[in-house]
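Q: I would like the atomic coordinates for the input below:
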Amino acid sequence: MPAADERVIHPYDEARSEIQTGDVLLYRGKSIMSRCIQTASQGPYSHVGLAGWVNGSEYARLFAYEMHAFAGGSATHLRSHAELWPGQIDVYHVSDMHVVFKQDSQNGKLQGYPKTYNRRKAMALMAEFCEPGAYGWHHLCVNALIHLPIIRWWVRPPTDDQINDRSRPPFCSEAVAYVLKHAFTDVVLNTPDHWTKPYDLAQSPLLHYKFTLGQPNYTSAQAMERGVFCCRPT
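A: All right, here's what the predicted structure looks like:
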């Protein structure tokens, strides 16, 4: 994770073609609620989403898939996020391949199993969470309570990665952790999905900072005239 003076800020219109489906978007919020999340997680991030390209009849659209506290699951144009929060959205690249080592049940030897990040599957899984009004308030509140003084001295979060509670809607980082686990691999070890915080994802060795989104150079109308919307990722 970059320090404040190490971040590279690119205007949205220049950075957009460098963003891939499945890239992770980490937000440095400035609201009171964001400050509370940052304090509890001891990190600079308060929210997380996933980038995804959708090809329309004329233009390729870049969306941010997210679980929003007051709107539920949604997919909105990433351009609008860059306009609202310039300099507050860090884009992280997820490694395309990872080797998981497991002990062979037959000969007892350690075997390496390569895993490839399926970016389209990640976007499809994230899209399944896009249900207006559905949000993981229960898990979020439990997460917040366990980080309060005194309580955190006596209660420890579980470390079993296999614990998954899909009976309730997820909150933002829970959804992204779940999606990455099923489209790639477990990027935050020893932490169940519903205990994963945005800052945990940023610290994963499988996520790499690319740049920070700055204010777009053009308005939406100007971008359409210049054909910026037509730019598709390589």
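Q: C-alpha from now on. contacts and neighbour counts both.
A: OK.
Q: check which helix or strand covers the closest residue to Phe129 other than its chain neighbours.
A: Spatially, and ignoring its direct neighbours in sequence, Phe129 is nearest to Gly73 (5.5 Å; C-alpha to C-alpha, 6 or more residues apart in numbering). With elements taken from DSSP states H and E, the one containing Gly73 is strand 72-77.
Q: ok, then the element right after that strand?
A: According to DSSP H and E, the helix or strand after strand 72-77 is helix 78-84.
Q: average pLDDT for that following helix?
A: For helix 78-84, mean pLDDT rounds to 95.
Q: Contact partners for Thr21?
A: Leu50, Ala51, Gly52, Trp53, Arg119, Arg120, Met123 (C-alpha atoms under 8 Å, 6 or more residues apart in numbering).
Q: which residues does the closest residue in space to it that isn't next to it in sequence bridge with?
A: Distances taken as C-alpha to C-alpha, 6+ apart place Gly52 nearest to Thr21, at 4.1 Å, with adjacent residues excluded. Beta-bridge partners for Gly52, by DSSP bridges, are Phe63.
Q: what's stretch 100-113 in contact with?
A: Residues outside stretch 100-113 that contact it (C-alpha under 8 Å, 6+ apart): Val99, Pro114, Lys115.
Q: ranges for the strands of the chain?
A: Applying DSSP state E to the chain gives strands spanning 9-11, 24-27, 47-55, 60-68, 72-77, 89-94, 97-103, 110-116, 207-214.
Q: Could you find the closest non-adjacent residue to Ser34?
A: Ser46 (5.1 Å).
Q: ranking the strands of the chain by burial, who's on top?
A: strand 24-27 (a mean of 26; mean count of other C-alpha atoms under 10 Å).
Q: roughly how far out does that one sit from the chain middle?
A: Relative to its chain's centre, strand 24-27 lies at 5 Å (C-alpha atoms, centre = their mean, to the nearest Å).
Q: Please identify the pairing partners of that strand and their relative orientation?
A: Paired with strand 24-27 in the same sheet, following DSSP bridges, are strand 47-55 (antiparallel), strand 89-94 (antiparallel).
Q: What are the contacting residues of the first one?
A: Contacts with strand 47-55, where a contact means C-alpha under 8 Å, 6+ apart, come from 19-29, 34, 60-67, 78, 123, 126, 172-173, 176, 198.
Q: one more time with 6 Å
A: Outside strand 47-55, the residues within contact range by C-alpha atoms under 6 Å, 6 or more residues apart in numbering are 21-27, 60-66, 123, 172-173, 198.
Q: Just want the angle from it to strand 72-77.
A: On the basis of axes from the mean of the first three to the mean of the last three C-alpha atoms, to 10 degrees, strand 47-55 is oriented at 50 degrees to strand 72-77.
Q: chain center to strand 47-55: distance?
A: Centroid separation for strand 47-55 versus its chain: 8 Å, with C-alpha atoms, centre = their mean.
Q: Dump that strand to PDB, restricted to CA.
A: The C-alpha coordinates for strand 47-55 follow below in PDB (Å, rounded to 0.1, in the frame of the first residue of the first chain):
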ATOM      1  CA  HIS A  47     -14.700   1.200   1.200                       C
ATOM      2  CA  VAL A  48     -13.900  -1.200  -1.600                       C
ATOM      3  CA  GLY A  49     -15.400  -2.300  -4.900                       C
ATOM      4  CA  LEU A  50     -14.500  -4.100  -8.100                       C
ATOM      5  CA  ALA A  51     -14.000  -2.600 -11.600                       C
ATOM      6  CA  GLY A  52     -15.700  -4.200 -14.600                       C
ATOM      7  CA  TRP A  53     -16.000  -3.500 -18.300                       C
ATOM      8  CA  VAL A  54     -19.300  -3.900 -20.100                       C
ATOM      9  CA  ASN A  55     -19.400  -3.600 -23.900                       C
END
